[in-house]
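> heads up, no residue letters with this:
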């Protein structure tokens, strides 16, 4: 069973179809001052009085905009034809929204990758500077002492990273080990 609701939309009127379940949840949420007429009969003569040419047959959620978009179909007495038109428009919009969503995701991924590349380059430059302070040719003990002396430089120089990869410790555990030992 469907409800057909005529609402005032600024200066114009519009009609929207609701299923019984939708109407039960929506009727408390919409402004009752804007509701002009509610009927279960689409061929009601009072509907003809408003000279409406389109009906909001349903809505579709647009993930990109975060809104429910109204789907209009031509208002006729043939409910089956309006349902077919609605399904066709619904599928077209669904495909459009999915395509738009994929494009947005692709752009976000590209921006993320560019940001990651900049971050990696920045970190690599820092590591090169720290490698000048703690060179690779230092003994392990001297390198760890210098690392502690320079307050555990991060990102760590290559010699420290090499030593960490040889051990089975996290960075926190390695720093605690160096703190206790040296």
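Sure, I can see it. The structure displayed is predicted, hence computed values, not measured ones.

> C-terminal to the helix or strand that contains residue 80, what's the next element?
Take DSSP states H and E as the rule and residue 80 turns out to sit in helix 79-133. Using DSSP H and E, the helix or strand that follows helix 79-133 in sequence is helix 140-149.

> now do that following helix: distance to the chain's middle.
46 Å (Cα atoms, centre = their mean, to the nearest Å).

> what is it packed up against?
Based on contacts counted as 3 or more Cβ pairs under 8 Å, 6 or more residues apart in numbering; DSSP states H and E, the elements that helix 140-149 packs against are helix 158-166, helix 171-181. In short, each C-beta sits where N, CA and C put it, glycine included.

> I'd like to know which elements the shortest one is packed against.
Using 3+ Cβ pairs under 8 Å, 6+ apart as the contact criterion, the secondary-structure elements in contact with helix 158-166 are helix 79-133, helix 140-149, helix 171-181.

> let me know the angle separating the second one from helix 171-181.
So the one you mean is helix 140-149. Using axes from the mean of the first three to the mean of the last three Cα atoms, to 10 degrees, the direction of helix 140-149 lies 100 degrees away from that of helix 171-181.

> quick one: work out the angle between helix 140-149 and helix 158-166.
110 degrees.

> and what of the longest one?
For helix 79-133 and helix 158-166, the angle between their directions (the same axes, to 10 degrees) works out to 120 degrees.

> domain-wise, how is this protein divided?
2-105, 135-182 (automatic domain parsing).

> make TSV from these and add distance to residue 117 to it.
Rendered in TSV, the data for those read as follows (distance: least, Cβ to Cβ, whole Å):
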stretch	distance to residue 117
domain 2-105	19
domain 135-182	15
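
> quick one, which of those domains is nearest to residue 116?
With respect to residue 116, and counting by Cβ to Cβ, the nearest of the domains of the chain is domain 135-182 at 14.3 Å.

> give the rounded mean pLDDT of the closest one.
Model confidence over domain 135-182, given as mean pLDDT, is 91.

> so how far is that domain off the chain centroid?
41 Å.

> so how far is the first residue of that domain from its last?
The straight-line separation of the ends of domain 135-182 (Cα to Cα, to the nearest Å) is 18 Å.

> next: stretch 25-34.
17 Å.

> ditto for stretch 44-63
Across its full length, stretch 44-63 reaches 36 Å between end residues, using Cα to Cα.
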